[in-house]
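> Here is a sequence together with a model predicted from it:
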Amino acid sequence: KAGVTQTPRYLIKTRGQQVTLSCSPISGHRSVSWYQQTPGQGLQFLFEYFSETQRNKGNFPGRFSGRQFSNSRSEMNVSTLELGDSALYLCASSMDGNTEAFFGQGTRLTVV
Amino acid sequence: GENVEQHPSTLSVQEGDSAVIKCTYSDSASNYFPWYKQELGKRPQLIIDIRSNVGEKKDQRIAVTLNKTAKHFSLHITETQPEDSAVYFCAAIDGQNFVFGPGTRLSVLP
């Protein structure tokens, strides 16, 4: 079956702009989590959605938001971009959040 | 909430030697502990996992052990090969949220 798909793969945005990233989970998976990965910083948890509801949120400013649709696809939005938002954004899907999670290829965001 | 520590941060071994990476967690309610391997420029991939009702699990050259009392779990790689070079992340479940360790960069020297 198809894996987790993230679009776009690469983005270049200007400081102050906003951006929307998309994640399509594996079919049947209802939990989608988002992570920010910067060099040397590991995987920083942003938020997790399950059945269109945000269940958990990490320690990120309100400029970072997300949503999940009825087909479990999820989007992440970052408003008023800052240079420090440049990172690889990964999403991961799992059946219910308590089982194996599979990552997408990520969206590499560069803010200039 | 859950806190996961991982050691060492970097590890270099000779090809053919064993490598061990250790993680500790804080929440005794955590019950699922996966390990991910991330090669340069690629996504993290699940390589092995263990649940709290099991003490050890093995898959070919990779094994994971769990000590619930001490709240630590370890990844063991035997007969290391150059393709094992990557960053390895451990994780623990905190409710519905994966809490990842900071990662270990493993280098296998030929």
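Yes, it's here. Residues are numbered from 1 along each chain as shown, chains lettered A, B, ... in the order given.

> can we go C-alpha only for contacts and neighbour counts from here?
Noted.

> Enumerate every residue touching the nearest residue to residue A:8 once chain neighbours are set aside.
For residue A:8, ignoring the flanking residues on the chain, the nearest one in space by C-alpha to C-alpha, 6 or more residues apart in numbering or on different chains is residue A:107 at 6.0 Å. Contacts for residue A:107 (C-alpha atoms under 8 Å, 6 or more residues apart in numbering or on different chains) come out as A:6-11, A:21, A:88-90.

> can you tell me how far residue A:107 sits from chain B?
10 Å (C-alpha to the nearest C-alpha, to the nearest Å).

> now do residue A:44
Residue A:44 is 8 Å from chain B, by C-alpha to the nearest C-alpha.

> Once you drop chain neighbours, what's closest to residue B:8?
Among residues not flanking residue B:8 along the chain, residue B:104 sits closest, at 6.1 Å (C-alpha to C-alpha, 6+ apart).

> Let me see the contact set for that neighbour.
Residue B:104 sits next to B:6-11, B:21, B:87-89 when contact means C-alpha under 8 Å, 6+ apart.

> now residue A:25
Listed by C-alpha under 8 Å, 6+ apart, the contact partners of residue A:25 are A:3-5, A:32, A:72-73, A:92-94.

> now the residues you listed: which count as buried?
Using 16 or more other C-alpha atoms under 10 Å in any protein chain shown as the burial test, the contacts of residue A:25 include A:4-5, A:32, A:72-73, A:92-94 as buried.

> Mind putting the residues you listed into a markdown table with secondary structure and distance to residue B:63?
Listed next are these as a markdown table, based on DSSP: H, G, I helix; E, B strand; the rest coil; distance: C-alpha to C-alpha, whole Å:
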| residue | secondary structure | distance to residue B:63 |
| --- | --- | --- |
| A:4 | coil | 26 |
| A:5 | strand | 29 |
| A:32 | strand | 27 |
| A:72 | coil | 33 |
| A:73 | coil | 34 |
| A:92 | strand | 23 |
| A:93 | strand | 24 |
| A:94 | strand | 23 |
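
> Quick check: the two most widely separated of the residues you listed?
Greatest spatial distance in the buried ones among the contacts of residue A:25: A:5 and A:94, 13.2 Å, computed using C-alpha to C-alpha.

> element containing the residue nearest the centre of chain A, please.
Geometric centre of chain A, nearest residue: residue A:34, 3.5 Å, by C-alpha atoms, centre = their mean. Using DSSP states H and E, residue A:34 maps to strand A:31-37.

> between the very next helix or strand once past that strand and strand A:31-37, how many degrees?
Next along the chain after strand A:31-37, taking DSSP H and E as the criterion, comes strand A:43-50. Put simply, strand A:43-50 runs at 160 degrees to strand A:31-37, going by axes from the mean of the first three to the mean of the last three C-alpha atoms, to 10 degrees.

> Next one: the nearest residue to residue A:91 once chain neighbours are set aside from chain B, what distance?
Among residues not flanking residue A:91 along the chain, residue A:34 sits closest, at 4.4 Å (C-alpha to C-alpha, 6+ apart). From residue A:34 across to chain B, the span is 10 Å (C-alpha to the nearest C-alpha).

> mind listing what residue A:34 touches?
Neighbouring residues of residue A:34 by C-alpha under 8 Å, 6+ apart: A:45-48, A:76, A:89-92.
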